[in-house]
Each structure stands twice: as structure tokens, then as C-alpha cells.
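Enquirer: Build me a model:
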Amino acid sequence: MIEYFDLRGRHVFVRVWTEYVPSPDPFTLVFIIDNNIITGICWNGELEGAEADVYRFFESLLTACYYFLQLEHPHVQKITKYSREEAEKEGFQLKDEIVVYQVPERSSIYYFCSTKNTVRVYYHNELLEATNCPEYKGKHKGVVEVPLKEFVEDVLKISREYLEKYASVIEKIRLEHGEEPDDYGFLQEFYREVKELYHKKFQSSPYSHRYPQD
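Expert: Model prediction:
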């Protein structure tokens, strides 16, 4: 059994450890965007994961992209209104974003936000406050900005790789510990829907070769 697996895009990096620890979120992962640790920690020079529901993590990434690609949808605007209010309560100073989507985790909270062309991720990683890695001290809270197109491409890339190579690994471990199966049929279909929305918005992409055809 592999100890962990890495998924990497242009801006996004995710490492998932396969050790099962009985809890509502039985695995751990690190989520990094452009060297900003959104979830997880650096300790003694090594990355360590925070507790996470791996299925829900990827569902949230795809949901963010789904919302970004349908700016005018009434449900997206409803979610945005609620999430913006919550972000302001948390002390985040949002700007001119059209979409705001909250993703609460056990040890961090972050908001996926977008304008028409840019994604901003506002985050507060409580676990990272304890880091002893100098390069991450004081970086437990902030905002990271990436081009919308490249963010969606990254999410599609790592989601496809997870679904094709590693979802079965995680699911096998969960089932061996008596858990109910997750609905990967839904997640596969959701991935395809986001991919279709991406192609409708951006048409042909210079990076389209990164996503093998279904």
C-alpha cells in the first residue's frame, strides 16, 4: 500500500496520506496553492496533513469551478450572498468577487471566490499557526490569486487523476473499515459536467492536451 499520493497542477498541489485513522474524516491531506498552505501544516521541514474527507474535498473543488463557470445562475448568487456574509463575519475583507463559496474544514476555513477572470482564495489555516518552518510562519491567513482559467484547468487535471488512479485506493481502505461506499458515479458525472462548462466558456485551450478525452 502506498504511503501517500501527490496530485499537481500549475498552481494547485494536493498530497493525500492513505493511513486510516477512525474518525468522521479518516484520512489526512495537504492542500497548497502557489506555496500557500490552505489545509495542512509544515513541521520540521516536512508537510503533514490535516484530517479530511477526501471525497468531499474533491467535490468542493469541482463545486467551486461549477459555480465560477455559471456566474449568473440564481443558485450561485444565493450561495454567494450567504457566503459573503459569513466571510465578513470571519473578518475576511473581500473585494469585487462575483462568486463566493465557503469551504469549512476541521482546522481551516477558506472561501473560493472569483471575478470573471480571476480566482481568489481567502483562507485561515489554524493548524498552520503552530508551524516551526520559517518559510510558512505568519502565512496561516491570507489570500492567494490565480487566473480563473488556469485554476479550473488544475482542478480538472487533479480530479481526473484522482478518479482514475487513486479513488479506488481510498475507497478500498474505507470499505475494509466498514464504511459505506461513496457515490463515485456522481463524482465522475460532476467532473464531466464541469469539463463541459469549461470547454463552453474557453472553447479550445492551449492546455487541452493535459486532459485526455473521455
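
Enquirer: any idea how far the spatially most central residue of the chain lies from H177?
Expert: In the chain, the centroid-proximal residue (CA atoms, centre = their mean) is L61; its distance is 4.1 Å. As judged by CB to CB, to the nearest Å, L61 and H177 stand 25 Å apart. Quick note: C-beta positions are derived from backbone N, CA and C, even for glycine.

Enquirer: Check the burial of the closest residue to N117 other than its chain neighbours by counting its neighbours.
Expert: Once flanking residues are discounted, N117 sits nearest to L148: 5.3 Å by CB to CB, 6 or more residues apart in numbering. Residues near L148, counting by other CB atoms under 10 Å, number 20.

Enquirer: is it true that L148 touches F68?
Expert: Yes: contact between L148 and F68 holds when scored by CB atoms under 8 Å: they sit 6.1 Å apart.

Enquirer: tell me, what's touching those two both at once?
Expert: Both L148 and F68 are in contact with 114, 119, where contact means CB atoms under 8 Å, 6 or more residues apart in numbering.

Enquirer: Show me what the helix or strand encompassing the residue nearest to the centre of the chain is in contact with.
Expert: Using DSSP states H and E, L61 falls within helix 54-68. Outside of helix 54-68, the residues within contact range by CB under 8 Å, 6+ apart are 14, 16, 27, 29, 31, 73, 76, 79-80, 99, 101, 103, 112, 114, 119, 148, 151-152, 155-156, 158-159, 162-163, 170, 182, 184, 187, 190-191, 193-194, 197-198.

Enquirer: and what of stretch 132-146?
Expert: Counting by CB under 8 Å, 6+ apart, 11, 33-34, 36-38, 42-45, 92, 118-129, 131 sit against stretch 132-146.

Enquirer: now that stretch, how far from the chain's geometric center?
Expert: 17 Å (CA atoms, centre = their mean, to the nearest Å).

Enquirer: Ends of that stretch, what's the gap?
Expert: Across its full length, stretch 132-146 reaches 27 Å end to end, with CA to CA, to the nearest Å as the criterion.

Enquirer: Same question for stretch 61-75.
Expert: 17 Å.

Enquirer: where does this protein have its least confident helix or strand?
Expert: Lowest on mean pLDDT, DSSP states H and E among the helices and strands of the chain sits strand 99-104, with a mean of 91.

Enquirer: ok, the helix or strand just after that one: who's next to it in the sheet?
Expert: Going down the chain from strand 99-104, the next helix or strand is strand 108-114, by DSSP H and E. The strands beside strand 108-114 in its sheet (DSSP bridges) come out as strand 99-104 (antiparallel), strand 118-125 (antiparallel).

Enquirer: Mind listing residues that contact the longest one?
Expert: Here strand 118-125 makes contact (CB under 8 Å, 6+ apart) with 33, 36-41, 68, 87, 90, 92, 94-95, 97, 107-114, 140-148, 151.

Enquirer: now the angle between strand 108-114 and the helix or strand that it is followed by, please.
Expert: Going down the chain from strand 118-125, the next helix or strand is strand 141-147, by DSSP H and E. For strand 141-147 against strand 108-114, the angle by axes from the mean of the first three to the mean of the last three CA atoms, to 10 degrees is 30 degrees.
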